[in-house]
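Student: Let's see this in three dimensions:
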Amino acid sequence: MRLLFKLFNFYLSKDKYFARRMFDVLGFVPGNITIYKLAFSHKSSQNEKSVLSQNNERLEYLGDAVLGTIVAEYLFKKYPDSNEGFLTKMRSKIVKRKTLNRIGDKMELDGVLQEFNNTRLSRSMLGNAVEALVGAIYLDAGYAFTQKYIVENILRRYLDIHELENYDDNYKSQLLEWCQKHGKTISYKLISRYKYEKRDRFKVGVFVNNQRIATADDFNKKSAEQAASEKAMIELGFLTEEDDD
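Tutor: Numbering: from 1, shown residues only. All right, here's what the predicted structure looks like:
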């Protein structure tokens, strides 16, 4: 029955173009077309080109939780002798926004987002769409299918897990080490705290020798400090954006 429904979506449904587009992107035909459309509906584009009156934020929330569980299980099995600290750091490297943005780029989700949203695309929209898609796949096909799909078609296809093992994304620690090596002082200051989407958001500045080098915003103060440190490293010339990518 499910196979017949997918065939209908691909050949006869009024949404057959979208079903075929998803087949090109994901490698399978969706069962519940509506939730996949929702996965690409960004809140900034609630207008005539939006496919639904809702947006993909709730699917992002669900997908984030499902993806975190799948990645945790994958790492637990892949590294049977590693401790909790190593596993936590590896999971963080995989599910962080920048990694998901890269995955979304490799999956060519920007093309789909552009088709179904009348807004300027930001890089973060790619990572959001990845999470929303995970949520959609989970609701459409269940955990077992989603788990197998994520491991085989995302983790193994788009990530170099061994490269991630040696990748240091603790920019705050790296910047502190650089400052100590060059005899410079470093400090972080909270510049502002404000509400964004009904949540507290923090703007943090990093100062080297009392000079503000960079600022960054995030919903978490520690994350803002990391982002500001990364920008400072680029500004100071010992990290390039190409290296960070």
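
Student: longest helix in this structure, by residue count?
Tutor: Scanning the chain for the longest helix, with DSSP state H as the assignment, gives helix 57-78.

Student: So which bits of it are buried?
Tutor: Neighbour-count burial for helix 57-78, counted by 16 or more other Cβ atoms under 10 Å, picks out 57, 59-60, 62-64, 66-72, 74-75. Backbone N, C-alpha and C define where each C-beta goes, glycine included.

Student: quick one: which of the residues you listed is nearest residue 100?
Tutor: Nearest to residue 100 among these: residue 67, at 8.3 Å, using Cβ to Cβ.

Student: Tell me if I'm right that residue 130 and residue 103 touch.
Tutor: Yes: the pair residue 130 / residue 103 is scored as a contact, 5.5 Å apart, by Cβ atoms under 8 Å.

Student: So for those two, which sits in the more crowded spot?
Tutor: More crowded of residue 130 and residue 103, by other Cβ atoms under 10 Å: residue 130, with 28 against 20.

Student: can you list contacts of whichever strand or helix holds that one?
Tutor: Here residue 130, judged by DSSP states H and E, is contained in helix 123-141. With contacts defined as Cβ atoms under 8 Å, 6 or more residues apart in numbering, helix 123-141 is touched by 26, 30-32, 35-36, 38-40, 42, 56, 58-64, 66-67, 97-101, 103-105, 107, 109-110, 112-113, 145-146, 149-150.

Student: Need the contact partners of stretch 213-226.
Tutor: 169-172, 188, 190-191, 196, 199-207, 227-232, 234-236.

Student: Run the chain-centre distance for it.
Tutor: 17 Å (Cα atoms, centre = their mean, to the nearest Å).

Student: What residues sit buried inside that stretch?
Tutor: Quick answer for stretch 213-226 (16+ other Cβ under 10 Å): 213, 214, 215, 216, 217, 218, 221, 223, 224, 225, 226.

Student: roughly how far apart are residue 141 and residue 217?
Tutor: 36 Å (Cβ to Cβ, to the nearest Å).

Student: Residue 17 too?
Tutor: 38 Å.

Student: And for residue 162?
Tutor: 33 Å.
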